[in-house]
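**Q** sequence unavailable; structure follows:
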């Protein structure tokens, strides 16, 4: 059953120090050709399923002008949205205008995700972001059209926790319903990496992570996934599709999907994509591999994995597939009310726990 579709729009109208250079700077000629190819890819692969969520993400989609956005929404009319619950678009804070927000609403988008990162001007300069944007004005405008609003918040620019505190206090004051948090990571092919920027150490990073979790919970947020927090009822339904290991389409440059036990990845070459050479990788997973994904993805959720659902999905008890008992004895996992989950105080080191499920069956 296909539950979700992700549409990748790789163009961006700015180059940030923390962004991978593989993201494409906005070019109108490329945009038109890209959208034409996107339409062909969807027409060739989409099987007219009724979907639950649709997510437009990427470089970001808001860098497109009104004409291009209209073209994109016309293309997406191909998709059967009669059962659609959540329809999200990503937006740069500087791209927000009344005209674009009205266009989003007219096309039935009901959730907006804004790449704010921080309100601190020194940190914004570090990332080569525009510091002249009136953030308050932009968010107030968004709130006239949307109640389901996600903010991407980045932390760890330096050891000053007061920057993080002020950002969180501001988002609480704006009554934001969903916050995704990310520690600044120096990826290869980014300006900060090339410039040998020194990031905070792991102890400080953990201190910041714990502060975020404690502060947001004290202010009515649910910590429902390692990096995600929401007001009750505002979980990202689309992202839960990934974490529940459900089937989804990925359309567009560099996107990936999971359909009928096959995982695939699209090319990151814009020229190949425009030429219709979409997929560069496909792999049909074994049952064991699917079960491993079930654990690795599902344990990202704070609530963990429902043992009964695991049995119903695979016709096997989770304990017969993985050495759950030993991991519980070593305090790496906990069990309660039929759920297996990572102890809350170990969420920060979840990668060191999840590695146990790579080739970690009892076979």
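**A** Yes, it's here. Note that the structure is a prediction, hence the values are computed from the model and not measured.

**Q** which residues does the most centrally placed residue in the chain contact?
**A** The chain has residue 239 as the residue nearest its centroid, 6.4 Å off, counting by Cα atoms, centre = their mean. For residue 239, the contacting residues are 225, 228, by Cβ atoms under 8 Å, 6 or more residues apart in numbering. Quick note: C-beta positions are derived from backbone N, CA and C, even for glycine.

**Q** would you say it is within a helix?
**A** Yes: counting by DSSP: H, G, I helix; E, B strand; the rest coil, residue 239 is part of a helix.

**Q** how close does it sit to residue 267?
**A** Applying Cβ to Cβ, to the nearest Å, the value for residue 239 to residue 267 is 24 Å.

**Q** also residue 162?
**A** 44 Å.

**Q** which of the two has more residues huddled nearby?
**A** Ranked by neighbour count (other Cβ atoms under 10 Å), residue 162 and residue 267 place residue 267 first, with 17 against 8.

**Q** all helices for the stretch 201-350 of the chain, in order.
**A** In the stretch 201-350 of the chain, the helices defined using DSSP state H, counting those that start in this stretch lie at 202-218, 237-243, 270-274, 287-298, 307-314, 318-321, 324-329, 350-354.

**Q** and those as TSV, adding mean pLDDT and distance to residue 81?
**A** Below are the helices of the stretch 201-350 of the chain laid out as TSV (pLDDT from 0 to 100; distance: least, Cβ to Cβ, whole Å):
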stretch	mean pLDDT	distance to residue 81
helix 202-218	95	32
helix 237-243	97	14
helix 270-274	95	25
helix 287-298	97	25
helix 307-314	97	27
helix 318-321	96	35
helix 324-329	96	40
helix 350-354	95	34
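
**Q** where does residue 124 fall, helix, sheet strand or coil?
**A** helix.

**Q** what separation is there between the residue nearest to the centre of the chain and residue 111?
**A** From residue 239 to residue 111 the distance is 11 Å (Cβ to Cβ).

**Q** next: residue 347.
**A** Distance of residue 347 to residue 111, given as Cβ to Cβ: 25 Å.

**Q** could you give the number of residues near residue 50?
**A** That count, for residue 50 with other Cβ under 10 Å as the rule, works out to 13.

**Q** just the one 3 residues further on next, same as before
**A** Residue crowding around residue 53 was assessed by other Cβ under 10 Å; the count is 23.

**Q** hmm, residue 153 and residue 208 touching each other?
**A** No: here residue 208 does not reach residue 153: they are 10.8 Å apart, not a contact under Cβ atoms under 8 Å.

**Q** tell me which of the two has more neighbours.
**A** Neighbours per residue, other Cβ under 10 Å: of residue 208 and residue 153, the larger number sits with residue 153, 23 against 19.

**Q** host element of the more buried one?
**A** Using DSSP states H and E, residue 153 maps to strand 149-155.

**Q** give me the contact list for that strand.
**A** Residues from elsewhere that reach strand 149-155, judged by Cβ under 8 Å, 6+ apart: 18, 88, 111-118, 123, 142-143, 163-164, 167-168, 171, 176-184, 208, 212, 236.

**Q** which regions of this structure sit below the pLDDT cut-off?
**A** Low-confidence segments of the chain (pLDDT under 70): 14-23, 25, 185-200, 360-363.

**Q** ok, 50 please
**A** Scanning the chain for pLDDT under 50 picks out 18, 21-22, 186, 191-196.

**Q** please name the bridge partners of residue 247.
**A** residue 2 (DSSP bridges).

**Q** ok, it - contacts?
**A** 1-3, 258-260 are the contacts of residue 247 under Cβ under 8 Å, 6+ apart.

**Q** try it again with 6 Å
**A** Applying Cβ atoms under 6 Å, 6 or more residues apart in numbering to residue 247 gives the contacts 2, 258-259.

**Q** between the residues you listed, which is closest to residue 291?
**A** Proximity to residue 291 was ranked across the contacts of residue 247 by Cβ to Cβ; first place goes to residue 258, at 14.1 Å.

**Q** sorry, back to before: of the helices of the stretch 201-350 of the chain, which stretch is the most buried?
**A** helix 237-243 (a mean of 20; mean count of other Cβ atoms under 10 Å).

**Q** mind checking how far it is from the chain centre?
**A** Its chain's C-alpha centre and that of helix 237-243 lie 9 Å apart, by Cα atoms, centre = their mean, to the nearest Å.

**Q** stretch 94-111 now?
**A** Worked out by Cα atoms, centre = their mean, stretch 94-111 lies 20 Å from the chain centre.

**Q** ok, now stretch 274-284?
**A** Distance, centroid of stretch 274-284 to centroid of chain: 22 Å (Cα atoms, centre = their mean).

**Q** can you check stretch 243-253 too?
**A** How far stretch 243-253 lies from its chain's middle: 11 Å, per Cα atoms, centre = their mean.

**Q** cool, and stretch 216-230?
**A** 15 Å.

**Q** flag every buried residue along that stretch.
**A** Going by neighbour count (16 or more other Cβ atoms under 10 Å), the buried part of stretch 216-230 is 216, 221-230.
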